[in-house]
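Trainee: next one to model:
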Amino acid sequence: MAALTVGDTVYVQWDVGTVYGLAGEITPLAYTVHIQLLIEAGYGHYVPGTGDTMQPFGNQPIYNPLTLSKEADFDQDITPDGNVQIPEGTTARLAIVNPSTNATVTSWPGTVSAASIRFTAQSAETDVVPHGYKYRIYVTFPTTPTREVLWYYGPIQRKE
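Mentor: Here you go, the predicted model:
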């Protein structure tokens, strides 16, 4: 396995489909910058040969902005991909995070069923959450010891 250093040329294979720019050309610039940062931080590995790939280890949470609106309740039902059954005893919480301190300022519990997780919050709770805060959805599985994973994360945007 060859070690990578900053400035090395790296070819990356991704499975999300072809990325096109405004003129229709492939635009790997954002991926190149991201990969360079990962290499600088010491993450990833390089496998020589056809289909060279850089695969991160660990859970890969889903990035998605969360939208809140003034005087509107938040109600979101999330269903795992495929025919996945959520184990009985699983819990979930949606944490609201202050980006300046990275501290959780409040959490909303999820209602878990075998097929989905639903988050609800009344407008009195959502109206005080500022634009630009972050959220994280954690799911805790009933194993011994319990296993908590970050499922979703992203910025909070206000549409008012």
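
Trainee: report the longest strand in the protein, please.
Mentor: strand 147-158 (DSSP state E).

Trainee: for that strand, buried residues please.
Mentor: 151-153, 155-156 (16 or more other CB atoms under 10 Å). Heads up, the C-betas are built off the backbone N, CA and C, glycines and all.

Trainee: going by distance to residue 143, which of the residues you listed wins?
Mentor: Here the nearest of the buried residues of strand 147-158 to residue 143, counting by CB to CB, is residue 151; it sits at 15.7 Å.

Trainee: enumerate every residue touching the closest one.
Mentor: 61-62, 78, 92, 137-139 (CB atoms under 8 Å, 6 or more residues apart in numbering).

Trainee: who touches residue 63 in this structure?
Mentor: 152-154.

Trainee: okay, those residues in TSV with pLDDT and distance to residue 104 next?
Mentor: Conversion of the contacts of residue 63 to TSV gives the following (pLDDT from 0 to 100; distance: CB to CB, whole Å):
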residue	pLDDT	distance to residue 104
152	95	15
153	95	12
154	95	15
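
Trainee: got those as JSON lines, with distance to residue 87 columns?
Mentor: Shown next, in JSON lines, are the contacts of residue 63 (distance: CB to CB, whole Å):
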{"residue": "152", "distance to residue 87": "19"}
{"residue": "153", "distance to residue 87": "22"}
{"residue": "154", "distance to residue 87": "25"}
